[in-house]
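1. the following block contains a protein sequence and its predicted model.
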Amino acid sequence: MIDDRTSRNLTWHGGLVSHERRADLMGQRGGVVWLTGLSGSGKSTLARALEDRLVGDRHAAYVLDGDNLRHGLNRDLGFTPEDRDENIRRVGEVAALMADAGLIVITAFISPYRAARQRAREAAGAAPFIEVYLDVSLDVCRRRDPKGLYAKAQAGRIGQFTGIDAPYEPPERPELVLDTSVRDVTECLELMYACLSRHGVLKARPSTERVPNA
């Protein structure tokens with residue numbers, strides 16, 4: 001990590017390509033869709049479904065998934081509050097760079113702390129930042145337990161697990177709230193698409209032909 005002494009010797013270099021030029025080229029405005037919620041709330045499922053829908057509609061989109069990034073970029077981090085904070089800081093910076101390049105970046109992270117999510121929002125700068133809170137009860141998430149993590153946490157095999165022995169701070173003013181225990185994937189997708197349109201992320205593409213799955 002760069003310390004204060006080093007940072008004073010760095011200069012930000014702006015580019016010659018504006019956000020407007022990238023938007024015209026790509027038929028969309030780069031932005032960040034930040035999915036947050038308890039483990040088992042449906043973040044990865046909705047992130048992948050949204051990515052598939054966007055790419056099918058000829059929009060450039062990419063998912064940053066919490067588990068995937070811990071296999072590479074964040075593999076040196078644990079699950080202490082400090083490491084979780086650093087995990088989200090890195091993700092926020094990467095998402096901001098990708099949004100600046102014109103991509104629609106979809107993140108799927110528990111991201112339990114409000115302050116860390118706020119820093120990710122600030123990192124995005126002028127790019128739209130759409131916080132989507134998956135407001136699913138702990139009981140529902142524990143019953144789903146798709147990865148068996150709640151069972152391990154309750155058995156004492158996992159420490160600092162959000163919802164069991166670590167806190168989750170719900171967003172106070174998210175752009176969108178979804179409860180996947182009462183809305184299916186299709187309905188959630190429609191609501192997310194509408195939210196992206198309201199925030200000016202989606203623009204008309206030259207062709208309406210969908211790109212088929214490989």
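-> Looks like it arrived, so ask away.
2. now the helices for the protein?
-> Secondary structure of the chain, counting by DSSP state H: helices at 4-7, 19-26, 43-56, 66-69, 81-100, 114-123, 138-144, 149-154, 185-198.
3. as JSON lines, those helices with mean pLDDT would be great.
-> Listed next are the helices of the chain as JSON lines, based on pLDDT from 0 to 100:
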{"stretch": "helix 4-7", "mean pLDDT": "58"}
{"stretch": "helix 19-26", "mean pLDDT": "78"}
{"stretch": "helix 43-56", "mean pLDDT": "96"}
{"stretch": "helix 66-69", "mean pLDDT": "81"}
{"stretch": "helix 81-100", "mean pLDDT": "93"}
{"stretch": "helix 114-123", "mean pLDDT": "96"}
{"stretch": "helix 138-144", "mean pLDDT": "94"}
{"stretch": "helix 149-154", "mean pLDDT": "89"}
{"stretch": "helix 185-198", "mean pLDDT": "96"}
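4. looking at the ones you listed, spot the one closest to L35.
-> helix 43-56 (4.4 Å; Cβ to Cβ). To be clear about C-beta, it is placed using only N, CA and C from the backbone, and glycine gets the same treatment.
5. can you name every helix or strand that the closest one contacts?
-> Applying 3 or more Cβ pairs under 8 Å, 6 or more residues apart in numbering; DSSP states H and E, one finds that helix 43-56 contacts strand 31-36, strand 61-65, helix 66-69, strand 104-108, strand 129-134, helix 185-198.
6. go again with 6 Å.
-> strand 61-65, strand 104-108, helix 185-198 (3 or more Cβ pairs under 6 Å, 6 or more residues apart in numbering; DSSP states H and E).
7. pick the most deeply packed of these.
-> Mean neighbour count (mean count of other Cβ atoms under 10 Å) peaks for strand 104-108 among the helices and strands packed on helix 43-56, with a mean of 28.
8. quick revisit: mind putting the helices of the chain in CSV, distance to V177 included?
-> Putting the helices of the chain into CSV (distance: least, Cβ to Cβ, whole Å) gives the following:
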stretch, distance to V177
helix 4-7, 37
helix 19-26, 28
helix 43-56, 13
helix 66-69, 20
helix 81-100, 20
helix 114-123, 14
helix 138-144, 15
helix 149-154, 22
helix 185-198, 9
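9. quick check: which of those is nearest to Y168?
-> Within these, the stretch nearest Y168 is helix 138-144; the backing value is 8.6 Å (Cβ to Cβ).
10. name the helices or strands packed onto the closest one?
-> Contacts defined by 3+ Cβ pairs under 6 Å, 6+ apart place helix 138-144 against no helix or strand at all.
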